[in-house]
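Q: just to be clear, the model below is a prediction. Sequence and coordinates:
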Amino acid sequence: MTTIETLQNELAQHGRVEIRFGRTKQFLRSAGTALRLRRSESAGPQVIISDHGLWADTHDFPDVVVPWARILEVHLTKVNVSSHIDVSIRSADSPGRRRTLRLPHMLTVDPEVLAKWIVMESMVRGDPI
């Protein structure tokens, strides 16, 4: 079973998938906390994908789930060995405007796989361009 099939099955069974930081991010966070370099981050899920939409634990992401119909595009940006997922959404207050939000990286799911899966779910559930 592929990672995408596993994610699809979990979403079908539970109505949501919670994605957390991977081991590398956990190690870096623990080392930073031990050295008091930065505050400890949330141990909870960093990205939640549900039947209703997408949410991420970042400062610029809305506090509520972004509905599938408001997700316009998903971009995977590669910089050296790191990859980032940017999600363009339709603004809630003015439908003609869009915002681009970056999902957290160093998650337990590979960024390329996660981006593909979000696109697949958006095509089925949303209203993509």
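A: Now that the structure is in, tell me what you want to look at. Numbers count the residues shown, from 1 in each chain.
Q: and the next element down the chain from the lowest-mean-pLDDT helix or strand in the chain?
A: Least confident element among the helices and strands of the chain, by mean pLDDT, DSSP states H and E: helix 23-34 (a mean of 49). Once the chain leaves helix 23-34, the next helix or strand it forms, by DSSP states H and E, is strand 47-50.
Q: which parts of that next one are buried?
A: Buried residues in strand 47-50, counted by 16 or more other C-beta atoms under 10 Å: 47-50. C-beta: built from backbone N, CA, C; applies to glycine.
Q: next SSE downstream of it?
A: Counting by DSSP H and E, the next helix or strand C-terminal to strand 47-50 is strand 53-56.
Q: where does the protein dip in pLDDT?
A: For the chain, the stretches flagged by pLDDT under 70 are 24-42, 128-129.
Q: what residues does the longest helix along it touch?
A: Longest helix of the chain, by residue count under DSSP state H: helix 111-125. Where contact means C-beta atoms under 8 Å, 6 or more residues apart in numbering, the residues beyond helix 111-125 that reach it are 3-4, 7-8, 11, 19, 47, 49, 51, 54, 68, 71, 74-76, 83-85, 87, 103, 105, 107, 109, 128.
Q: what are the pairing partners of the strand or helix carrying residue 17, and which direction each?
A: For residue 17, the enclosing helix or strand under DSSP H and E is strand 16-19. Pairing partners of strand 16-19, with direction, according to DSSP bridges: strand 47-50 (antiparallel).
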